[in-house]
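Colleague: I'll drop the sequence and a predicted model, then ask my questions.
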Amino acid sequence: MNKRRREFYKLNRDKCIAKVVRWQKNNKDKIKKYRLEHRETTIEGRKEYYKKNPDKKKEMRFRMKLSRLGVKMSYDEYNKMFEKQKHLCAICGERELKRLLSIDHDHKTNKVRGLLCGKCNQGLGLFRDNVELLKKAIKYLLK
């Protein structure tokens, strides 16, 4: 049955889309009501789920962060590295209280170097991972 539907859609794509658009225009109230009901149940369901499974919320936030970075790392690998660094930033040795430590990675190879606090991670980013520029900054600070 699904195969026949797909074939029909391929042959009549414009008609199918026009039919859906017409239905949407004629049923704006139904769509609005459905979205409001669905959003409320989804939010409440999510809140309840995360109360029961707090680790899942952390894992979900972690996966969202990774998707932006393009880094390949599992939540378990992160936790192992976090434990290995004793929950401290790899550069300054301070603890990040409100957030997860940032995943520092080489932007060319996407290889993970370590976990950093927000300040150290931003500092490296502002120096564009340029070793020579960092050496110049060190010389400047030593004056």
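Modeller: The structure has been received and is ready for your questions.
Colleague: any idea how far the lowest-mean-pLDDT helix or strand in the chain is from the chain center?
Modeller: For the chain, scoring each helix and strand by mean pLDDT, DSSP states H and E identifies helix 54-69 as the least confident one, at a mean of 83. Remark: helix 54-69 is offset 6 Å from the chain centroid, using C-alpha atoms, centre = their mean, to the nearest Å.
Colleague: what residues of that helix count as buried?
Modeller: When burial is assessed from 16 or more other C-beta atoms under 10 Å, helix 54-69 yields the following buried residues: E59, F62, L66. C-beta here means a position set from N, CA and C on the backbone, and glycine is covered the same way.
Colleague: any regions of the protein where pLDDT drops low?
Modeller: Residue ranges of the chain with pLDDT under 70: 1.
Colleague: where do the helices sit along it?
Modeller: Listed in chain order, the helices of the chain (DSSP state H) span 2-11, 13-26, 28-52, 54-69, 75-84, 118-126, 131-142.
Colleague: what's the most buried one of those helices?
Modeller: helix 118-126 (a mean of 15; mean count of other C-beta atoms under 10 Å).
Colleague: angle of that one against helix 131-142?
Modeller: For helix 118-126 against helix 131-142, the angle by axes from the mean of the first three to the mean of the last three C-alpha atoms, to 10 degrees is 120 degrees.
Colleague: domain-wise, how is this protein divided?
Modeller: For the chain, the structural domains run 2-51, 71-142, going by automatic domain parsing.
Colleague: before we move on, back to that, what would the buried residues of helix 54-69 look like in a markdown table with distance to E96?
Modeller: Converted to a markdown table, the buried residues of helix 54-69 look like this (distance: C-beta to C-beta, whole Å):
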| residue | distance to E96 |
| --- | --- |
| E59 | 17 |
| F62 | 14 |
| L66 | 17 |
